[in-house]
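**Q** can you look at this prediction? I've put the sequence above it.
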Amino acid sequence: MLMSSSRKEPSIGSLSAKQVTAIYQALAAAIQPKPELEYGSALDLLVAVVLSAQCTDKAVNKVTAQLWQNVRTPRDYLALGQEGLEHAIRSIGLYRNKAKSILGLCAKLIEDFHGEVPNTREELMKLPGVGRKTASVVLNVWFRQPVIAVDTHIFRVAHRLGLSNAPTADEVSSDLENITPAKYKLDAHHYLLLHGRYTCQARIPKCDQCVLARLCPSRKIFSAEK
Ligand code: SF4
C-alpha cells in the first residue's frame, strides 16, 4: 500500500535511540493502549479487522454486536452465505468485497487450519483478504506478539515524528519494529494509532495539546500554517 502526504515532511530517519525512547515514554504516560474494536475470540478480531478497512471502529462494533449473536465459528459464517453475510454487514463500506473475504478466509481456516486462526504472519497472510496490516493486528492484539501494524494514522504519525520515512505501510511497519524499544513494542501499535486518531489528526493536528510537541520535528510546520 503506497501512502503519501501533501505537506512537506521534515528530514526523516535521524532520530537517536534516546529520542525514540522519549517519544514512547511520553505516549505511554498519556495513552491507555486498548483496542477500540470489540471482539471475544481470534476469529471475531480477524473479522472485525477485515470489516474495519476504511470504516470506523464504532460502525464495525455496531454491526458485529448483532452479527455475533448467532455467528460464532467459520462454519456459522459459511452457513450464512454471501447473501446473508452481505445483508448482516450492509451498513459497512465495501460490504460485498468484505463478505467475500470473510467467507473465503472461513473456508480456508476449515480447510487448512482445523477451523482455528493461525498465529504466524506467514499463515495469516495466506487467508483471503488478509494482508500484512490485518495479520499484524491479530498477532499483536490477540496473540500478544511484539509486531506493529501500520494503518493510515500510524503511517502519518510515524512520518511526522521522524520515526520512518518509508513510502509504504509495510516498510513503515518494518522500520517501527526495528527502532521501537522492546519495552514499548507490544503496545506501540495502540500508542501510535490512538495518538493519530485523537491528537495528531490528518488535517489539523492538535499540536498545542500534544505530549510530543517538544520532541516533534513537524510541529514547526503546523505552527507556521496557523
Ligand atoms: S506536535 Fe503536532 S504534528 Fe507533532 S506529533 Fe504532536 S500533534 Fe502531531
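**A** In hand now; what should we look at? The model shown is predicted, which means the values in this text are computed figures rather than measured ones.

**Q** what residues does this structure have near the ligand?
**A** Residues of the chain lying near the ligand by CB under 6 Å from any ligand atom: 160-161, 199-200, 205-207, 210, 212-213, 216, 218-219, 222. Bear in mind the C-beta positions are built from the backbone N, C-alpha and C, glycine included.

**Q** what is the nearest of those residues to residue 120?
**A** Closest approach to residue 120 among the residues of the chain next to the ligand (CB to CB): residue 161, at 29.6 Å.

**Q** quick one: contacts for the closest one?
**A** For residue 161, the contact set (CB atoms under 8 Å, 6 or more residues apart in numbering) comprises 15, 23, 212, 215, 216, 217, 218.

**Q** which ones are touching the residue nearest to residue 52 when sequence neighbours are not counted?
**A** Across the structure, with CB to CB, 6 or more residues apart in numbering as the measure, the residue nearest residue 52 apart from its sequence neighbours is residue 60 (4.9 Å). Residue 60 makes contact with 37, 48, 51, 52, 92, according to CB under 8 Å, 6+ apart.

**Q** swap the cut-off to 10 Å and go again
**A** Counting by CB atoms under 10 Å, 6 or more residues apart in numbering, residue 60 makes contact with 36-39, 47-53, 67, 89, 91-92.

**Q** which member of those residues is positioned nearest residue 144?
**A** Within the set of the contacts of residue 60, residue 39 lies nearest residue 144; the separation is 13.7 Å, counting by CB to CB.

**Q** give me phi/psi at residue 143?
**A** Summarising the backbone geometry of residue 143 under the convention degrees, to the nearest 10, its torsions are phi -90, psi 0.

**Q** how many neighbours does it have?
**A** For residue 143, the number of neighbouring residues by other CB atoms under 10 Å comes to 15.

**Q** residues contacting the spatially closest residue to it that is not a sequence neighbour?
**A** Sequence neighbours aside, residue 119 is the residue nearest to residue 143 in space, at 4.7 Å (criterion: CB to CB, 6+ apart). With contact set as CB under 10 Å, 6+ apart, residue 119 has these partners: 42, 138, 139, 142, 143, 144, 145.

**Q** can you lay out the residues of the chain next to the ligand as TSV showing pLDDT, distance to residue 169 and secondary structure?
**A** Supplementary listing: those in TSV, determined by pLDDT from 0 to 100; distance: CB to CB, whole Å; DSSP: H, G, I helix; E, B strand; the rest coil:
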residue	pLDDT	distance to residue 169	secondary structure
160	96	15	helix
161	96	16	helix
199	97	20	coil
200	98	16	coil
205	97	19	coil
206	96	23	coil
207	96	24	helix
210	97	23	coil
212	97	21	coil
213	95	25	coil
216	95	21	coil
218	94	19	coil
219	91	24	helix
222	83	23	helix
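
**Q** just the buried subset of those residues, please.
**A** By neighbour count, with 16 or more other CB atoms under 10 Å, the residues of the chain next to the ligand hold 160-161, 199-200, 205, 207, 210, 212-213, 216, 218-219, 222 as buried.
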